[in-house]
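In: only geometry, no sequence info:
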């Protein structure tokens, strides 16, 4: 009895290799559009002499490559949503310790070696911060909203939790910014991650409050963005590029900047809403 049972619990090497190969293929398939968009942005910005701040992501890097890197890490290293929060906090804590022990000085300096990592040091090293951010977001989404699809509406307890989380993340961002390290998008440090969560949960808290009052369904604009997240992100990038090519944003007055942002937000929401009503969904893989 023990012999067959032990054999049945062993993992077949061939099956393991097949699973790993399938996981790699799935990961590469999922990131291929992001890699394509990353190179397309690199080529297009270079072709039109678009203003690019090298200190943001690096010489060749952009956020599409960061999304691809996080996606492939997530596809290869499978973690249950229950434990994503713990792993994400450990990743961020370890990365922050590394930053405090000298990595931050290297990332904020003008020093760049000739290799691909040195040329794109900001984008490459910030992957750890964005990966930790993603893992914590998965965990929070699992514990807050995973049972809402069956219930059909947001309970008041969820609304309270979201508001408490929004306040908590804002407080953590202020504490980390004051006593650990200043908020830095360039490095995607712990303080920046908490700031992003604070801003996002502040928006989510308003949406959940509206949803709890309506007791019907999600807001139309919310549904539109949920249907076309990547499409909305692409449109937002294109609109940002058009603004930067046509307006000297660095010397714009506060009133002009505000008007540009209002027009930008209205245009983005209008295009996303039209795509939603027309049934257009940009997801082709």
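Out: That came through, no problem. Computed from a predicted model, the values in this text were never measured in an experiment.
In: tell me, how many residues neighbour residue 269?
Out: Residues near residue 269, counting by other Cβ atoms under 10 Å, number 14. To be clear about C-beta, it is placed using only N, CA and C from the backbone, and glycine gets the same treatment.
In: ok, which stretches of the stretch 51-200 of the chain are strands?
Out: Shown for the stretch 51-200 of the chain, no strands are assigned by DSSP state E, counting those that start in this stretch.
In: low-confidence ranges, it, go.
Out: 51, 146-156 (pLDDT under 70).
In: now with 50?
Out: Applying pLDDT under 50 to the stretch 51-200 of the chain flags the ranges 150, 152.
In: the helices in it, which residues?
Out: For the stretch 51-200 of the chain, the helices defined by DSSP state H, counting those that start in this stretch cover 54-57, 63-76, 81-98, 104-108, 116-119, 121-125, 127-145, 148-151, 156-179, 190-214.
In: for the ones you listed, give me TSV that also has distance to residue 33.
Out: Shown next, in TSV, are these (distance: least, Cβ to Cβ, whole Å):
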stretch	distance to residue 33
helix 54-57	19
helix 63-76	9
helix 81-98	24
helix 104-108	28
helix 116-119	22
helix 121-125	18
helix 127-145	18
helix 148-151	26
helix 156-179	30
helix 190-214	23
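In: and these as JSON lines, adding mean neighbour count?
Out: Shown next, in JSON lines, are the helices of the stretch 51-200 of the chain (neighbours: other Cβ atoms under 10 Å):
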{"stretch": "helix 54-57", "mean neighbour count": "16"}
{"stretch": "helix 63-76", "mean neighbour count": "19"}
{"stretch": "helix 81-98", "mean neighbour count": "16"}
{"stretch": "helix 104-108", "mean neighbour count": "16"}
{"stretch": "helix 116-119", "mean neighbour count": "14"}
{"stretch": "helix 121-125", "mean neighbour count": "22"}
{"stretch": "helix 127-145", "mean neighbour count": "20"}
{"stretch": "helix 148-151", "mean neighbour count": "9"}
{"stretch": "helix 156-179", "mean neighbour count": "16"}
{"stretch": "helix 190-214", "mean neighbour count": "19"}
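In: so which of those helices is nearest residue 240?
Out: Closest approach to residue 240 among those is made by helix 63-76 (11.4 Å; Cβ to Cβ).
In: quick one: the closest one to chain centroid distance?
Out: Its chain's C-alpha centre and that of helix 63-76 lie 10 Å apart, by Cα atoms, centre = their mean, to the nearest Å.
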